[in-house]
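[1] this is a predicted model, with the sequence first.
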Amino acid sequence: MESMVENNAATSTRDLLFMIGTNMKMLLQNFFALIIAAAIPALATAGSDAPTNPAPATKTELSTTAEQPQSDGEIKKIDKQAGKITVKHGPLANLDMPSMTMVFRVMDSGMLEQVKAGDKVKFTVKKLNGILTITALKTAT
């Protein structure tokens, strides 16, 4: 009789562990399914955060934009492939930022063709879709 109780206890323990394992497996599967479902929209929009324009602006268009550049800076590096410019700049009043060196996206890839490393510039930066982007740029005179 005692051996039968021990056998039932062992079976009950084994069944309990099996049920816990099965429930944990289902819980983990659901957890990962939720993570993947949450990540899909973010992955679908990855890379679409850069503003796009139908045609690059010309040098004249860049220097006569209605938006007047607000800050002085010096071009340190241009990354045409990434559409970014590194600028050592003075205070950015519209963003309440002090002087520093930063990498910015450009609103229009034509801007990358108008300047080179070492150029002194006047420019405007705005936060577009959460990304600091140069929206106006001209060489300083």
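    Alright, I've got the coordinates. In this text the structure is predicted, and so the values were computed from the model without any measurement.

[2] can you count the residues close to T135?
    19 (other C-beta atoms under 10 Å). The C-beta positions use only the backbone N, C-alpha and C, and glycine is treated the same way.

[3] likewise for the one 5 residues further on?
    Counted with other C-beta under 10 Å, the burial measure for A140 works out to 12 neighbours.

[4] now do M26
    10.

[5] quick check: phi and psi on L112?
    With angles defined as degrees, to the nearest 10, L112 sits at phi -70, psi -30.

[6] give the contact list for it.
    Neighbour list for L112: 78, 80, 83, 85, 106 [criterion: C-beta atoms under 8 Å, 6 or more residues apart in numbering].

[7] what pLDDT does it get?
    What the model reports as pLDDT for L112 is 92.

[8] tell me how far it lies from P98.
    As judged by C-beta to C-beta, to the nearest Å, L112 and P98 stand 26 Å apart.

[9] tell me the mean pLDDT for the helix or strand N30 falls within?
    Assigned by DSSP states H and E, N30 belongs to helix 2-45. The average pLDDT for helix 2-45 rounds to 67.

[10] use 48 as the first number for this chain going forward.
    Sure, I'll start numbering at 48, so the last one becomes helix 49-92.

[11] what about M154, distance to L184?
    Relative to L184, M154 is positioned 9 Å away (C-beta to C-beta).

[12] could you do R152 as well?
    Look at R152 and L184: by C-beta to C-beta, they are 12 Å apart.

[13] for these two, indicate the residue with more neighbours.
    L184 (29 against 21).

[14] per-residue confidence for the more buried one?
    Model confidence at L184, given as pLDDT, is 92.

[15] circling back: can you put the contacts of L159 in JSON lines and add distance to G165 and secondary structure?
    Output for the contacts of L159, formatted as JSON lines (distance: C-beta to C-beta, whole Å; DSSP: H, G, I helix; E, B strand; the rest coil):
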{"residue": "I125", "distance to G165": "11", "secondary structure": "strand"}
{"residue": "K127", "distance to G165": "16", "secondary structure": "coil"}
{"residue": "G130", "distance to G165": "20", "secondary structure": "coil"}
{"residue": "I132", "distance to G165": "12", "secondary structure": "strand"}
{"residue": "V153", "distance to G165": "17", "secondary structure": "strand"}
